[in-house]
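Asker: This is the structure alone, sequence omitted:
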């Protein structure tokens, strides 16, 4: 087996107003061992947007989860509810969809505008989700 560890920076799509290009780096290894990512990111202490694979937890980075990956688990749970039935998974999927809506609205805004909008619109949704999950 062989594996490509993929590291990206920048936005999901090119930004003509940003002079710094998006970068994608492919790091080939014969293993999925945590040592691969730990060695590559040695000393990196910034944010790392990940899919939940446990190897990333061994780095010094601050891990940021992915809503798309979390959402998949609730879609799987919804399938178990049966067709045309509403259940607990629908509550979470609805809240995640609202978060996606906020992100859609701020997509082309400045960093400061994104921050302000997220604080005003996303934080209350996240608070509601947290309270619901704890309950």
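Answerer: That came through, no problem. Quick caveat: nothing in here was measured; it's all calculated off a predicted structure. Numbering: from 1, shown residues only.

Asker: going forward, measure contacts between C-alpha atoms and count neighbours the same way
Answerer: Fine.

Asker: just how off-centre is the host helix or strand of residue 115 within its chain?
Answerer: Using DSSP states H and E, residue 115 sits in helix 111-117. Here helix 111-117 shows a centroid-to-chain-centroid distance of 18 Å under the convention C-alpha atoms, centre = their mean, to the nearest Å.

Asker: What is it packed up against?
Answerer: Using 3 or more C-alpha pairs under 8 Å, 6 or more residues apart in numbering; DSSP states H and E, the elements in contact with helix 111-117 are helix 88-106.

Asker: circling back: now the helix holding residue 115: buried residues?
Answerer: 114, 117 (16 or more other C-alpha atoms under 10 Å).

Asker: Quick check: mean pLDDT of it?
Answerer: The pLDDT scores in helix 111-117 average 93.

Asker: May I see the buried residues of the following helix or strand past it?
Answerer: Later in the chain than helix 111-117, the nearest helix or strand by DSSP H and E is helix 123-134. Neighbour counts over helix 123-134 (16+ other C-alpha under 10 Å) mark 125, 129 as buried.
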